[in-house]
Every structure is written in C-alpha cells, then in structure tokens.
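Chemist: here is a sequence together with a model predicted from it:
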Amino acid sequence: MNTLTAPVSRTPYFARAVTYRGFARDDGLWDIECQLLDTRDHAERRHEGPDLPAGAPAHDMLVRLTFDATLTVVNIEAQMSATPFSECQSAVPPMSQMIGAKMGRGWRKAVDDAIGGACGCTHLRELLYNLATPAIHTYTLHNRQNGGEDFHAASEARTAPSFIGRCVAWRLDSPLLGRTYPQFFKAESGAKPAAGHS
C-alpha cells in the first residue's frame, strides 16, 4: 500500500470524491457514469437558503455519457442533486451540445466549445474533461475480452493511438513505446526500440 509521509497536525475542511464507471450496453453502445461529490467537515453558512450541515453535499452531480465504437458521443444526461444556487441548474440543458463530439485529441477543446465559460458549469466540465480516459479504457477492455483487437498486436497498428506522446511512459523515445509500438518510436541519443512486447 502506498503511503505519504505523516502529516503535521491539521484540521479537515473539504473533501471531493470523483468516480467514473464504464459499462458495455446490450445495444452495442457504451456508457460512462460519473459523479462529483463535495462535502465540508464543518457547517457552512450559505449566501442563500439554509446553512449547510457538516457532511451534507455542497455539490452532487451525476453525468451519464453514451458513446459508440468511434468514441463519438451519442447521448448525454446530467443531474445536479446538490448545488449552491438554484441558477446552477441551468447548466444541465446545454450539456446536450456534447452530442456528436469525439473523444481523443481535442476533447477538452470540444468540451470548452460546447459548455465553456458562462454557457455551462465548472464542475460538469471537470467531469467531462477526465471522462475520455475511462471511456477509452472501458471500450478497450470490452474489446479485448470479446475477441477484438489484441493489445499485443499493437505493432501492426497504422495509426498512432491518441495517448502516444501524452505522458512520460508513452513518450516518443520511451522503451515502452519501442516494445509495443515500434513503428511510432522516435529514438533520441541513438536509442533503439527493444525487441518483443511488454
């Protein structure tokens, strides 16, 4: 189990829990359901309405995004069970503007174009920004377990997956990239892709 160093004496004030669940649907589509839940450790005075008791949700937001095999959004639902202001609810209808957007490179821009700024909710955008990764994992895991493309056949891919070049493990001169996708490996300092797969 990973542990951080022991903290100094401190008082808790805020907790945010964010969860993503991926599902393969019986109709051939996929769902990602995600939730953002904020709580406070102390009672909070509100600008409007009754005070918020300690432990009660300050934000409780749910999103279900449905996508197809091209990672294109075909439907989206949102619900805001707890918000600080009644005006926050007006951020739900614009979420439908995400229909037709495709996950992968440019996903964050697609989110901002559809529901950015005063058109949407900061917290719903945060959920969507990070939703593409669980969606890709869900699709990939389902595909592997149902006779789809095998990860170990990656060396035959003609198009570089969107995650290549986006993190330290999948950098263009990474030994991992050289082992799994040697066709996209770009050596630095004379490095060569390693033989075999991980």
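Modeler: Yep, that arrived.
Chemist: just the buried positions in the lengthiest helix in the chain, please.
Modeler: Determined from DSSP state H, the single longest helix within the chain is helix 132-145. Of the residues in helix 132-145, those buried by neighbour count under the rule 16 or more other Cβ atoms under 10 Å are 132, 134, 135, 136, 138, 139. Yep, even glycine has a C-beta here, placed from its N, CA and C like the rest.
Chemist: so what pLDDT did the first one get?
Modeler: Residue 132 carries a pLDDT value of 93.
Chemist: could you list every residue that touches it?
Modeler: Neighbour list for residue 132: 71, 103, 104, 107 [criterion: Cβ atoms under 8 Å, 6 or more residues apart in numbering].
Chemist: tell me which entries of the residues you listed lie within helices.
Modeler: Using DSSP H, residue 107 are the members of those that sit in helices.
Chemist: among the contacts of residue 132, which ones are buried?
Modeler: The neighbour count (16+ other Cβ under 10 Å) marks 71, 103, 104, 107 as buried among these.
Chemist: quick one: least confident of those residues?
Modeler: On pLDDT alone, residue 104 ranks lowest of the buried ones among the contacts of residue 132, at 87.
Chemist: distance check, the nearest residue to it once chain neighbours are set aside against residue 2.
Modeler: Counting by Cβ to Cβ, 6 or more residues apart in numbering, residue 104 lies nearest to residue 162, which is 4.3 Å off, once chain neighbours are set aside. Going from residue 162 to residue 2 by Cβ to Cβ, to the nearest Å gives 28 Å.
Chemist: domains in this structure, by residue range?
Modeler: Following automatic domain parsing, one gets these domains for the chain: 14-139, 151-198.
Chemist: out of those, which one sits most buried?
Modeler: Highest mean neighbour count of those: domain 14-139, a mean of 16 (counted as mean count of other Cβ atoms under 10 Å).
Chemist: and it, how far apart are its ends?
Modeler: Domain 14-139 has its terminal residues 34 Å apart, counting by Cα to Cα, to the nearest Å.
Chemist: and the helix or strand hosting residue 61, what other elements does it pack with?
Modeler: For residue 61, the element it lies in under DSSP states H and E is strand 57-67. The helices and strands touching strand 57-67, judged by 3 or more Cβ pairs under 8 Å, 6 or more residues apart in numbering; DSSP states H and E, are strand 30-40, strand 73-82, helix 122-129, helix 132-145.
Chemist: and the shortest one, what does it pack onto?
Modeler: Yep, that's helix 122-129 we're talking about. Helix 122-129 sits against strand 30-40, strand 57-67, helix 107-115, with contacts defined as 3+ Cβ pairs under 8 Å, 6+ apart.
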